[in-house]
Structure formats: C-alpha cells, structure tokens
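Colleague: Quick one, fold the following:
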Amino acid sequence: MDIGIDLGTANTLLYVRGQGIVLNEPSVVAVKEGARTALAVGTEAKETIGRTPGSITAIRPLRGGVISDYEAAEEMIRHFVRKAVPGRRPRTRMVVCVPSGVTPVERRAIVHAAQRAGARAVHLVEEPMAAAIGAGLPVAEPRGSMVVDIGGGTSEVAVISLGGIVTSQSLRVGGDRLDEAITNFVRKEHGLLIGERTAEDIKVAIGSAWPVPGDEALESRTFTVRGREKVRGLPKTVELTVREVRAALDEPVEAIIAAVRTTLEECPPELSGDIMEHGITLTGGGALLPALDLRMASATGIPVFVADDPLDSVAMGCGKCVEDFDGLERVMSAA
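Modeller: Coordinates of the predicted model:
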C-alpha cells in the first residue's frame, strides 16, 4: 500500500496508488482537555475554530509548512490514513511533500510522525518539485522551468532543470499570512476584531492583488463584516471595499514577488532564457487570488500562467512519485 501525502498548513491531501486523490480535508485537530485522543479531525474540527468552549482546543498541527504540534500531527496523519484506506494496511509506504527550506530537525519530525502513524518507509519530496510535476512541467528535461507554489503557510519559488532544483526560495508567507493581513487591517482601520475564518471569507469573496482589467463589477463589490468592536466590546458591522482589501494584502503579495525576483537573480543565464520563453507557473491556493498573475508579470517582465488545477498540483505531483515508488527509492538510495 503506497500513499502520497501533501501535508499542508491549510489542507492535507492523500493520494493512494491506483486510486488518485481520495481525501482533501483541513489540517485541523480538535482536542478535549485531558483526553488522549482527538475529539475531531479535518472538516469537523475546522467548524470548531473560534467557537470552542474552554475545555476544547482547535489545533493547527502545522505552521509555516512544518510540524508545530507533534502529537496532534501524528494523530491527524493516522486519522486521515485510516479514513482514506480502511482496514489493514500492511507494509504501508509513504511519500510526504515538505517545503524546500525545512531544517534537518523538521524533516526528522515529519518522518517520525509518519512512521508512528503506521508507515514502513517514508520518502520526502520537496514541494516545488512536486508542484512542477503535478502542473505538467518538463522537469526531467535540460530546460529551465520556474514554479511558484503559494500554500497556506509557505510560498515556494524554484527553478527546476534535469530533475533537480537549481535555485529556490522558501518564504514563510502564504494564505495564512494574507488572512492575518486582513485581520490586522480591519482592526487598525475600523476598530473591529474578527476571526481567521472571517478573514478567509473576505479574501475569497473580494480579495485581489491588482485591479482586474475590464471587470468594473468586481471593483464596486463590498463585503459585510461582522465582528466585535475593539473599544467597547460590542458586536459591530462594517462594509469593506475591494480597494481596502487589496491595500491590506499589498505587503504579503509584495514579499512573494520579491522572492520571485531574488530567485530570478540567482538563476543561471541559460535557464533565465528558458524562463523568459516559457514563463512562470503559479500553483497552490494562493494562485487563485485574482490578478496575482498580472501583478507578477508586470513586476518581472515575464509571462505568468496559473496551473490548470493549482489546488491539487502538489498532491498530483506527489501521486506521480507514488505511482513510480520503486524508481523513487532507487533515486533516493543513489543520492
């Protein structure tokens, strides 16, 4: 039984050999005080965020793409594997995707958590490589391919050629940081306290990185935000505009673009020509932010394309490694 896991800060996806993606749930665990096992995991646990009594805590086991709560992560992986593959799972082998900037200690923590969850063998694949494979880029050819994978906790920027990462940047800025920027903006400008789920709803509804050409209807949209007043502590309603949310998102978006620029500066000249010709590919949930591709293209002077299925790119790339697990083991042992 071979399983691929895209262990994301926001969502975890499981790919089973021969079946494809069988599970896609939020990376959240709800724990009751004093209990040894989780009260809820995944979608059920996400519903409890910001709404739990004192005795129950909703935990995100991963922060910035790496494990921040080891026991919760182990419980989450075990629960998802059991849900995706019920019954006995003899000789389970796992491929787990990790950010390119993880430290050896963080890598060991991920391997150990997977082993404790029942894996006989664990192989780690860097997220930008998996994203490029899942997006259909020719990673094995002697041609420069550039991928920008914007996940929940990290943004991975990498130039890939001949099956390896030539140069890369791993930035602890992703969808969570965009939500946090909206939360801070609403608190400072409107004196309103909102939760992370509300911030995410705002981002999805009216968030954008740049004005969308020819879409005046989007520019005129507003979003009604309900929260708690900062000073008096009473419930309050505020109308947010598209321009306000764009201003709130400006700093983290600019940080991602700066990482793209840095990666391009470190890229060998021959590969730079390939990237100029074939463009930059955006993957991950952050790629769905309207007009992010236009803003990045304007800042770099290089065409930018959004992958066909950006949310599943890493999981599909991980799945392709799972389908050729024996070949992956040979490559790993040779390395």
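Colleague: from here on, contacts and neighbour counts on C-alpha atoms
Modeller: Will do.
Colleague: So which elements touch the host helix or strand of A114?
Modeller: Assigned by DSSP states H and E, A114 belongs to helix 104-116. Helices and strands touching helix 104-116, as assessed by 3 or more CA pairs under 8 Å, 6 or more residues apart in numbering; DSSP states H and E, comprise strand 66-67, helix 70-84, strand 121-126.
Colleague: Would you mind giving the ones you listed as TSV with mean neighbour count and mean pLDDT added?
Modeller: Listed next are the helices and strands packed on helix 104-116 as TSV, based on neighbours: other CA atoms under 10 Å; pLDDT from 0 to 100:
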stretch	mean neighbour count	mean pLDDT
strand 66-67	23	84
helix 70-84	19	88
strand 121-126	18	90
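Colleague: Of all the ones you listed, which one is nearest G18?
Modeller: helix 70-84 (13.0 Å; CA to CA).
Colleague: What are the contacting residues of that closest one?
Modeller: Contacts with helix 70-84, where a contact means CA atoms under 8 Å, 6 or more residues apart in numbering, come from 14, 22-23, 27-29, 37-38, 41-42, 59, 61-62, 67, 109, 113-114, 116-118.
Colleague: strand partners of the helix or strand that comes right after that helix, parallel vs antiparallel please.
Modeller: Per DSSP H and E, helix 70-84 leads on to strand 93-98 as the next helix or strand towards the C-terminus. In the sheet, strand 93-98 lines up against strand 2-7 (parallel), strand 121-126 (parallel) (DSSP bridges).
Colleague: Next, the angle helix 104-116 makes with strand 93-98.
Modeller: Angle between the axes of strand 93-98 and helix 104-116 is 150 degrees (criterion: axes from the mean of the first three to the mean of the last three CA atoms, to 10 degrees).
Colleague: so how far is strand 93-98 from its chain's centroid?
Modeller: Centre-to-centre, strand 93-98 and its host chain are 15 Å apart (CA atoms, centre = their mean, to the nearest Å).
Colleague: Mind naming the longest helix for the chain?
Modeller: In terms of residue count, the longest helix belonging to the chain (DSSP state H) is helix 242-265.
Colleague: where along the stretch 151-300 of the chain do the strands fall?
Modeller: Shown for the stretch 151-300 of the chain, the strands assigned by DSSP state E, counting those that start in this stretch span residues 155-161, 164-171, 192-193, 222-229, 235-241, 280-283.
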